[in-house]
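>>> coordinates only, no sequence provided:
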């Protein structure tokens, strides 16, 4: 309790400092006549903002550590249940269900990196450069594989509803080959961030792990991320949904409900991260170079990363809330012995989904 009282006290001091900085010039006793170059004003801003930044880091470190720990527990349990359900029905999984399986694996990649991010939020980066590359790989591959498999799942549903057949053969090897191709594509898209990941000291003398692109190659951080994970998927999926909605299929309503829920939550949690990445890209081009912009964007990046990482525990919750058949499958798995949960009778592959209908 004493710790939280101390944190609240520091927050109040920070607010008072900010009010003092934002006070009129008469209260600061600074004017063009007494200080033509406003040096006293900027010295005051610098001293107060450094204190504010330190206090915010203390508060942010505690909140982020608690948030990451909660997301880790909820996400690990939820995605473990999803894997159990899909593995139990592996003999009749459609391509859509294989995409759900890959989405669960993508979430687990995020979850594997969460303890490191939680510790880094409080103590700074304490691992070596090699682990920086590994954790960056988990983060970026989790991001790209999530959106790529959602695009594949949307395309498959679009082809099934509009053209009455699947984009992939019903044979399991064809589905596995397509899934492997998407994973390889995710790795290829992640390579720039993985290669240029490095450990650097930030303004608080703590070390952090982030991608530092060489001069002239900063466009990669914008092009690879914003185009491949936001703009292009949004265009493809918008086209597919427009065609699906214009069709007269009876099953489209059940499919659209779950797909729209997944995609809406994804874009809601990841769009802020893409926007901040774009703004930081503009900084490399000479825009928004003031001290205020730099501090605000650094703090914003810390929080949008936390929001984006929180997404990895939400997909199982969406499946449970929207997918009636998935809820029944979960209850079946939970009521059976663990040894029999992974055994299911042989049945031919189908284009129907375990989670949709």
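Arrived safely. Remember, predicted model here, so these are calculated numbers, not experimental data.
>>> give me the helices and strands touching the host helix or strand of residue 235, please.
Taking DSSP states H and E as the definition, one finds residue 235 inside helix 232-246. Contacts defined by 3 or more C-beta pairs under 8 Å, 6 or more residues apart in numbering; DSSP states H and E place helix 232-246 against helix 129-163, helix 252-284. For the C-beta atoms, the positions are set from N, CA and C on the backbone; glycine is no exception.
>>> figure out which of those is closest to residue 310.
helix 252-284 (6.6 Å; C-beta to C-beta).
>>> packing partners of that closest one?
If you count contacts as 3+ C-beta pairs under 8 Å, 6+ apart, helix 252-284 packs onto helix 129-163, helix 219-222, helix 232-246, helix 291-310, helix 315-322.
>>> tell me the angle the helix or strand hosting residue 332 makes with helix 315-322.
In this structure, residue 332 sits in helix 324-335 according to DSSP H and E. Put simply, helix 324-335 runs at 110 degrees to helix 315-322, going by axes from the mean of the first three to the mean of the last three C-alpha atoms, to 10 degrees.
>>> now do the buried residues in helix 324-335.
Using 16 or more other C-beta atoms under 10 Å as the test for burial, helix 324-335 gives 325-326, 329-330, 333.
>>> which one of those is nearest to residue 234?
Lowest distance from residue 234 to the buried residues of helix 324-335 (C-beta to C-beta) belongs to residue 326, with 25.9 Å.
>>> check whether that closest one really touches residue 85, as I assumed.
Yes: with contact defined as C-beta atoms under 8 Å, residue 326 reaches residue 85; the gap is 6.8 Å.
>>> one step back: would you mind giving the buried residues of helix 324-335 as a markdown table with distance to residue 193 added?
As requested, the buried residues of helix 324-335 are exported to a markdown table (distance: C-beta to C-beta, whole Å):
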| residue | distance to residue 193 |
| --- | --- |
| 325 | 37 |
| 326 | 33 |
| 329 | 36 |
| 330 | 35 |
| 333 | 36 |
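>>> mind listing what the residue lying closest to residue 195 once chain neighbours are set aside touches?
Nearest residue to residue 195, sequence neighbours excluded (C-beta to C-beta, 6 or more residues apart in numbering): residue 133, at 7.9 Å. Applying C-beta atoms under 8 Å, 6 or more residues apart in numbering to residue 133 gives the contacts 194-195, 197.
>>> how near is residue 121 to residue 189?
Distance, residue 121 to residue 189, using C-beta to C-beta, to the nearest Å: 26 Å.
>>> same deal with residue 195?
12 Å.
>>> likewise residue 295?
For residue 295 relative to residue 189 (C-beta to C-beta), the value is 30 Å.
>>> repeat that for residue 248.
Using C-beta to C-beta, residue 248 is found at 37 Å from residue 189.
>>> more neighbours: the two, which one.
residue 189 (21 against 6; other C-beta atoms under 10 Å).
>>> wait, that one sits on residue 144?
Yes: counting by C-beta under 8 Å, residue 144 is a contact partner of residue 189 at 4.7 Å.
>>> give me the common contacts of those two.
In contact with both residue 189 and residue 144: residue 228, using C-beta under 8 Å, 6+ apart.
>>> just the pLDDT at the residue nearest to residue 195, thanks.
On pLDDT, residue 133 comes in at 94.
>>> quick check: it vs residue 196, distance?
Residue 133 is 9 Å from residue 196, by C-beta to C-beta.
>>> mutual contacts of the two, please.
By C-beta under 8 Å, 6+ apart, no residue touches both residue 133 and residue 196.
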